[in-house]
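Undergrad: Starting from these lines, generate the structure:
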Amino acid sequence: MSKSKKARAVGFNHVALEVGDIEAALAFYGRLFDFELRGKGATSAFIDMGDQFLALQKGRTQAADSGRHFGLVVDDKEAVRKALADAGVETLPGPFLDFLDPWGNRIEVVGYDNIQFTKAPHVLRGMGLGHLSKKATAIKELADKGMAPPKKAG
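TA: Below you'll find the predicted structure:
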């Protein structure tokens with residue numbers, strides 16, 4: 001009897017969030033992040049993140065998320081912390097930089113430098129983020145899996 005091969009999960013193309021209003025959601029997220037739209041319609045919008053995107057869809061009806069969340073990778077976590085404060089958005093208690101958007105979607109903000117997640121160098125360059133690098137702890141985590149970034153020449 002042959003065993004069927006399972007597909008391997010390799011990453012995320014996008015995350016979809018339900019919001020109450022597309023224009024209000026774009027205004028809210030625009031106060032926090034610099035972004036380009038990939039596309040927009042009456043009931044959806046797509047925030048470009050290089051080779052990935054965040055989909056906003058009209059129609060949120062459920063209660064606010066408590067534990068359910070996703071980690072949004074940013075180039076400058078402290079800039080997000082300041083933008084949240086400037087916008088009057090409270091961060092959630094705990095060791096991470098988490099917040100709820102006006103529709104109850106829980107977002108955990110994580111800095112690119114401190115995590116394993118890695119964009120390909122050509123994607124970073126295309127996003128104008130070729131200067132980003134990883135902290136030693138993140139490089140070690142990647143190296144332990146045989147995925148360390150190449151050493152820079154010089």
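Undergrad: Next, the buried residues of stretch 92-109.
TA: 97-101, 103-107, 109 (16 or more other C-beta atoms under 10 Å). Bear in mind the C-beta positions are built from the backbone N, C-alpha and C, glycine included.
Undergrad: Output those in a markdown table; the columns should cover pLDDT.
TA: Output for those, formatted as a markdown table (pLDDT from 0 to 100):
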| residue | pLDDT |
| --- | --- |
| Leu97 | 98 |
| Asp98 | 98 |
| Phe99 | 98 |
| Leu100 | 98 |
| Asp101 | 98 |
| Trp103 | 97 |
| Gly104 | 97 |
| Asn105 | 98 |
| Arg106 | 98 |
| Ile107 | 97 |
| Val109 | 98 |
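Undergrad: Tell me which two in these are the farthest apart.
TA: Leu97 and Trp103 (18.9 Å; C-beta to C-beta).
Undergrad: What degree of burial does Leu142 show, as a neighbour count?
TA: Leu142 has 17 neighbours, counted by other C-beta atoms under 10 Å.
Undergrad: Tell me who's in contact with it.
TA: For Leu142, the contacting residues are 116, 118, 134, 148-149, by C-beta atoms under 8 Å, 6 or more residues apart in numbering.
Undergrad: Filter the residues you listed down to the buried ones.
TA: By neighbour count, with 16+ other C-beta under 10 Å, the contacts of Leu142 hold 118, 134 as buried.
Undergrad: Which one of the contacts of Leu142 is nearest to Leu54?
TA: Taking C-beta to C-beta as the measure, Leu54 lies nearest Thr118 of those, at 18.7 Å.
Undergrad: and that closest one, what element?
TA: Using DSSP states H and E, Thr118 sits within no helix or strand.
Undergrad: what does Thr137 give?
TA: helix 136-144.
Undergrad: What's the mean pLDDT across that helix?
TA: For helix 136-144, mean pLDDT rounds to 91.
Undergrad: mind listing the helices for the protein?
TA: 22-32, 77-86, 121-126, 136-144 (DSSP state H).
Undergrad: most neighbours per residue, which of the ones you listed?
TA: helix 22-32 (a mean of 16; mean count of other C-beta atoms under 10 Å).
Undergrad: Would you mind measuring from the closest residue to Lys145 other than its chain neighbours to Met49?
TA: With C-beta to C-beta, 6 or more residues apart in numbering as the criterion, Lys145 has its nearest non-adjacent residue at 7.8 Å, and that residue is Gln116. Distance from Gln116 to Met49, counting by C-beta to C-beta, to the nearest Å: 17 Å.
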